[in-house]
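Visitor: Give me the fold of what follows.
(chains A and B)
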Amino acid sequence: MSMFDRAIKYDLLWDSVAPEAVEENQRWILTAMHRYGHELVTMLWRILGNEQDVCDAYQTTFLHLAHHEGGRKPQWIKAYLFRTASNTAVSMLRQRIAERRTLSNMTKDSEQGPTAEVDFDGRHLAENLRSHIAQLPEHLRNVITLRDLGELSYAEVARIMGVSTGTARVYRCKAVQMLAMWVNDDEENR
Amino acid sequence: MRLLKHGETTCSCEIRSSRGGWGDLRSRLVDAAQRRFGPQAPWARRHIAHCPRCQRRIASLGKVDLALSVIRSQPHRLDLLARANEAAIHMLSNRLRQTTEADQLRQGKTETPFVERLAGPQNALLNVAACLAVLALTKVGIFASLSKAQTRGEAAMKQYYTNQAGQDIADELFKARDHSI
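Guide: As a prediction, this is how the structure comes out:
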């Protein structure tokens, strides 16, 4: 199991971590926050689209970093941070989508009327794409979140994922095709 | 038929930005391939005009592209980074929270890239560099060589006038010039 996979069960870890549990010699966490904070917040905002969720995901990401292998500094902090942040955000996004679905089902049951026509506006388009990104297979999703939402270079994406640059490009191509197919299906089902 | 959306699936823009011979070569190859096999190629356009399936594909790829652009362009509040930092720092130990670095993070200050940090004193640095260059040139003897070249040039000119117009006229000319200087 990779170091990233271990760090993802954010709900469980969140419960087990107490505030002020971080060791005092972990000043490098502040340096990492200083260096990558802006990029991380931008990526999280693009994945989640909700400021409170961004703060929560950011906090969780740095908690994971602080508790990585008993407080040891990861070999490549940037990779660790971006992978953990991306996975945390997608977990939150999935949870939000599930909640929204439950809510909309309840509303449908209670109303029993015709469904309202959804406007083709930017916000709907973005939310729709976010929900599709959350459904992508992990390797494709990571490329889309890191490359398109995190705006990392292919070289960095490839290094973070442990694949070649060419493979990262192919993954992105597949991810975009898959997203396009789902968007098309949505249009047809509407 | 497998269609590529221009600049989307092959990411030629990324390749274009890479420097060096290989980057240029790749960029040219990708551009050539796009022209011949991409959706902008005449045969592909003709096909798309009559193929509803490909039209749908192109349209949905365009929608994904548009949605990604919408996501990227959505603004957030300016203090979001500061708030996120505050939330994360809140989980750290008391000593770490009280450091100056933590204070800066709470204010949403990020690390400025090296190039941007240089931009401030750039003019002063350039002036210092120019002064140093002048000093070095003086030290090396460039200016002494220049004056030597000028003296030799003047001697050659005097010789020319002596040969052409005679000694007395040449003496008169160069004496008058020396007085004017």
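Visitor: For the longest helix seen in chain B, give the mean pLDDT please.
Guide: When chain B is parsed with DSSP state H, its longest helix is helix B:142-165. Average pLDDT, helix B:142-165: 81.
Visitor: Could you export that helix as PDB, CA atoms only?
Guide: These are the backbone C-alpha positions of helix B:142-165, laid out as PDB (Å, rounded to 0.1, in the frame of the first residue of the first chain):
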ATOM      1  CA  ILE B 142      40.500  49.200 -22.600                       C
ATOM      2  CA  PHE B 143      40.400  53.000 -22.300                       C
ATOM      3  CA  ALA B 144      44.300  53.200 -22.500                       C
ATOM      4  CA  SER B 145      44.200  51.200 -25.700                       C
ATOM      5  CA  LEU B 146      41.500  53.400 -27.100                       C
ATOM      6  CA  SER B 147      43.600  56.600 -26.500                       C
ATOM      7  CA  LYS B 148      46.600  54.900 -28.000                       C
ATOM      8  CA  ALA B 149      44.600  54.000 -31.100                       C
ATOM      9  CA  GLN B 150      43.500  57.600 -31.400                       C
ATOM     10  CA  THR B 151      47.100  58.900 -31.200                       C
ATOM     11  CA  ARG B 152      48.200  56.500 -33.900                       C
ATOM     12  CA  GLY B 153      45.300  57.500 -36.100                       C
ATOM     13  CA  GLU B 154      46.300  61.100 -35.800                       C
ATOM     14  CA  ALA B 155      49.900  60.300 -36.700                       C
ATOM     15  CA  ALA B 156      48.700  58.400 -39.800                       C
ATOM     16  CA  MET B 157      46.500  61.400 -40.800                       C
ATOM     17  CA  LYS B 158      49.400  63.800 -40.400                       C
ATOM     18  CA  GLN B 159      51.600  61.600 -42.500                       C
ATOM     19  CA  TYR B 160      49.000  61.500 -45.200                       C
ATOM     20  CA  TYR B 161      48.600  65.300 -45.300                       C
ATOM     21  CA  THR B 162      52.500  65.700 -45.300                       C
ATOM     22  CA  ASN B 163      52.700  63.500 -48.400                       C
ATOM     23  CA  GLN B 164      49.800  65.100 -50.200                       C
ATOM     24  CA  ALA B 165      50.000  68.800 -49.300                       C
END
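Visitor: Around A:Val183, count how many other residues there are.
Guide: The tally of other residues near A:Val183 (other CB atoms under 10 Å in any protein chain shown) stands at 22. Every C-beta, even on glycine, is put in place using the N, C-alpha and C of the backbone.
Visitor: For chain B, just list every one of the helices.
Guide: Here chain B has its helices, by DSSP H, at B:12-17, B:20-37, B:42-50, B:52-73, B:80-89, B:94-97, B:100-106, B:114-119, B:122-140, B:142-165, B:167-180.
Visitor: which one of these is the most hemmed in?
Guide: Among those, helix B:80-89 has the highest mean neighbour count (mean count of other CB atoms under 10 Å in any protein chain shown), at a mean of 22.
Visitor: Show me what that one is packed up against.
Guide: With contacts defined as 3 or more CB pairs under 8 Å, 6 or more residues apart in numbering or on different chains; DSSP states H and E, the packing partners of helix B:80-89 are helix A:27-48, helix A:51-66, helix B:100-106.
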